[in-house]
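Novice: I need the structure of the sequence given here:
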Amino acid sequence: MALASDLPHAICVELARQAIAGGPDAYAPDAAAARARQFQATLLGPVINATGVLLHTNLGRAPFATATPPQAMNIEFDLATGERGSRQTAVGGLLAMLCGAEAAMVVNNNAAAVLLVLAALANERDVLVSRGESVEIGGGFRIPDVMEQSGARLIDVGTTNRTRLGDYSKAMTRKATDAALVLKVHPSNYRVEGFVEQTSVAQLATLGVPVVADIGSGLIDANCPWLPGAPPAWLANEPAARQTLADGAALVTFSGDKLFGGPQAGIIAGRAELVEACKRHPLARALRPGSHVLLALQELALAYLNRTVVDAVPFWQMATATVNDLTVRAHELVAAVGSGEVVATEATPGAGSAPNAGIASVGIRIAGDHLAALRHQQPPIVARNRDGATVLDLRTVNTADDHYVIAALRACVL
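Specialist: Okay, the predicted model is just below:
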């Protein structure tokens, strides 16, 4: 009962034992090999994202290399003085420069960034949040729950659909209110439309307490100076770090692996004394990132500052591919496979970024449901089923992987 796999011998032995223990069916010639294939499918590895969701949370969000050289690094060593330094200095300085902030720091994701800010700046004090922004996002992340864990007290302001500046002022003048912060949360994965009203950061900044804006998706600058031409239309309603701080926010928090296009990380940027308070809090050590994340963020920040983003950042390569180029690729793939048709599709940013925004795209449509067969290819391909057919959206497929797509489709349909 040999296992044709590259799994370690100890794992193969264990899988063979499990197969034998499974009863008479275990003695089928392919029983142990099937277990090996099932086990391999549970391991982390590269996949081809053909869903049209650029930032697919289940597929790792923004694809970005995080290789760290196998050697020592001055992550917490000051080369000028020869003494211990801070792992936040280098990357924090670059991120602050990008955001137009006095200072910045990095933790392991945006939920951690919000938690740390609340714990460091509002423990046992009140934080004002609009009822329309007391949100839950993917994975059960709820603002009230994070607030409770931080030790801050949530003060609901306004109503679900309408919150005015006067609602915040009224809440602050209540006798028992001890407002430490106003927290503005971008509703990143939904939209409330119709009879609605929100209070802007610029308005909130007049209240006399620090405004913390959780912008979530990580757009650095609404003007997108790293792109040729005007900013993409699908970014029109997305808050950006630089403009939010310019409007008067004391701090912004956002993800590193969404529109920023880098590794999973949470970034806190804004006033120096507030960032410093976050650095000094005991949670900062528990939430700090490793050298691989910091090095990747450093390379990413330098790409933004050098205006080489489109060449260096896979997310922005996907986002800026032209429909014409995608159409040419699609026709070439269909011709190579000998089956299928080229269809217009609509991609989406994903990961709660720019909700309801669509990006014109192009895909390949293959008759029938081949999703399972594509997932079992090497590398696996994740596509979509639409009206009984399989559609592969090319906006999210790296051009370098086209030969894998051709081979997989040939195996599935020919």
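
Novice: Show me how the record splits this protein into domains.
Specialist: 37-63+317-413, 77-307 (automatic domain parsing).

Novice: Between its first and last residues, what's the separation in the shortest one?
Specialist: Going back to what we said before, that points to domain 37-63+317-413. Using Cα to Cα, to the nearest Å, one end of domain 37-63+317-413 lies 22 Å from the other.

Novice: closest one to P70 among the domains of the chain?
Specialist: domain 77-307 (11.4 Å; Cβ to Cβ). All C-beta spots, glycine's among them, are computed from the backbone N, C-alpha and C.

Novice: mean confidence score for stretch 241-255?
Specialist: The average pLDDT within stretch 241-255 is 97.

Novice: that older thread, distance to H9 for the domains of the chain - can I get that in TSV?
Specialist: Below are the domains of the chain laid out as TSV (distance: least, Cβ to Cβ, whole Å):
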stretch	distance to H9
domain 37-63+317-413	13
domain 77-307	29
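
Novice: And the helices in the stretch 101-250 of the chain?
Specialist: Shown for the stretch 101-250 of the chain, the helices assigned by DSSP state H, counting those that start in this stretch span residues 110-122, 143-150, 165-172, 201-204, 241-246.

Novice: And the fourth one, what's buried?
Specialist: By neighbour count on 16 or more other Cβ atoms under 10 Å, the buried set for helix 201-204 is 201, 204.

Novice: Also the second one?
Specialist: If you call a residue buried by 16+ other Cβ under 10 Å, then helix 143-150 has these buried ones: 143, 146-147, 150.

Novice: mean pLDDT for the helices of the stretch 101-250 of the chain: which is lowest?
Specialist: helix 143-150 - the lowest mean pLDDT of the helices of the stretch 101-250 of the chain, at a mean of 83.

Novice: List every C-alpha atom in that one, with coordinates, as CSV.
Specialist: Extracted in CSV, the C-alpha atoms of helix 143-150 (Å, rounded to 0.1, in the frame of the first residue of the first chain):
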residue,chain,number,x,y,z
ILE,A,143,-16.8,46.9,17.8
PRO,A,144,-18.7,46.5,21.1
ASP,A,145,-16.8,43.3,21.9
VAL,A,146,-13.4,44.8,21.1
MET,A,147,-14.3,47.9,23.2
GLU,A,148,-15.2,45.6,26.2
GLN,A,149,-11.9,43.7,25.9
SER,A,150,-9.9,47.0,25.8
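
Novice: can you list the residues that contact that helix?
Specialist: 111, 114-115, 118-119, 122-123, 127, 129, 133-136, 153-154, 183, 185 (Cβ atoms under 8 Å, 6 or more residues apart in numbering).

Novice: Just the buried residues from those residues, in PyMOL please.
Specialist: Selecting only the buried entries of those in PyMOL, with 16+ other Cβ under 10 Å as the criterion:
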select buried, resi 111+114+115+118+119+122+127+129+133+134+135+153+154+183+185
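
Novice: returning to that earlier point: any chance of the helices of the stretch 101-250 of the chain in JSON lines, plus distance to N74?
Specialist: Listed next are the helices of the stretch 101-250 of the chain as JSON lines, based on distance: least, Cβ to Cβ, whole Å:
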{"stretch": "helix 110-122", "distance to N74": "24"}
{"stretch": "helix 143-150", "distance to N74": "32"}
{"stretch": "helix 165-172", "distance to N74": "45"}
{"stretch": "helix 201-204", "distance to N74": "37"}
{"stretch": "helix 241-246", "distance to N74": "27"}
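
Novice: Of all these, which one comes closest to G290?
Specialist: Among those, if distance is taken as Cβ to Cβ, the winner is helix 110-122, at 13.5 Å.

Novice: Which elements pack onto the closest one?
Specialist: helix 143-150, strand 179-185, strand 211-216, strand 251-255, strand 266-270, helix 272-280, helix 283-286 (3 or more Cβ pairs under 8 Å, 6 or more residues apart in numbering; DSSP states H and E).

Novice: what about the fourth one, distance to the chain center?
Specialist: Its chain's C-alpha centre lies 13 Å from the corresponding centre of strand 251-255 when counted by Cα atoms, centre = their mean, to the nearest Å.

Novice: could you give the angle of that strand to strand 179-185?
Specialist: 40 degrees (axes from the mean of the first three to the mean of the last three Cα atoms, to 10 degrees).

Novice: Pull the CA coordinates from strand 251-255 and hand them back as CSV.
Specialist: Below are the C-alpha coordinates for strand 251-255, written out as CSV (Å, rounded to 0.1, in the frame of the first residue of the first chain):
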residue,chain,number,x,y,z
LEU,A,251,-5.1,58.6,14.6
VAL,A,252,-6.0,56.3,11.8
THR,A,253,-5.9,52.6,11.8
PHE,A,254,-6.0,50.3,8.8
SER,A,255,-5.0,46.9,7.4
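
Novice: what angle do it and helix 110-122 make?
Specialist: 160 degrees.

Novice: now the fifth one
Specialist: Using the same axes, to 10 degrees, one finds that strand 266-270 and helix 110-122 are set 40 degrees apart in direction.

Novice: name the helices or strands packed onto strand 266-270?
Specialist: So strand 266-270, by 3+ Cβ pairs under 8 Å, 6+ apart, packs with helix 89-99, strand 103-107, helix 110-122, helix 241-246, strand 251-255, helix 272-280.

Novice: Need the winner for burial among those.
Specialist: Between the helices and strands packed on strand 266-270, strand 251-255 has the highest mean count of neighbours, a mean of 29, where neighbours are mean count of other Cβ atoms under 10 Å.

Novice: Can you list the strands that it pairs with?
Specialist: Applying DSSP bridges to the sheet, strand 251-255 is found paired with strand 211-216 (parallel), strand 266-270 (antiparallel).

Novice: and of those, who's closest to A65?
Specialist: That would be strand 266-270 among those, by Cβ to Cβ, at 18.8 Å.

Novice: Give me the angle between the closest one and helix 89-99.
Specialist: Using the same axes, to 10 degrees: strand 266-270 against helix 89-99 is 70 degrees.

Novice: got the contact list for strand 266-270?
Specialist: 95-96, 99, 101-114, 116-117, 218, 241, 245, 249-256, 260, 275, 278, 287.

Novice: again, 7 Å this time
Specialist: Around strand 266-270, the neighbours that count as contacts under Cβ atoms under 7 Å, 6 or more residues apart in numbering are 95-96, 99, 101-102, 104-113, 117, 241, 245, 249-256, 275, 278.

Novice: Provide the secondary structure category for V342.
Specialist: strand (DSSP: H, G, I helix; E, B strand; the rest coil).

Novice: Any figure for the gap between it and T173?
Specialist: 62 Å (Cβ to Cβ, to the nearest Å).
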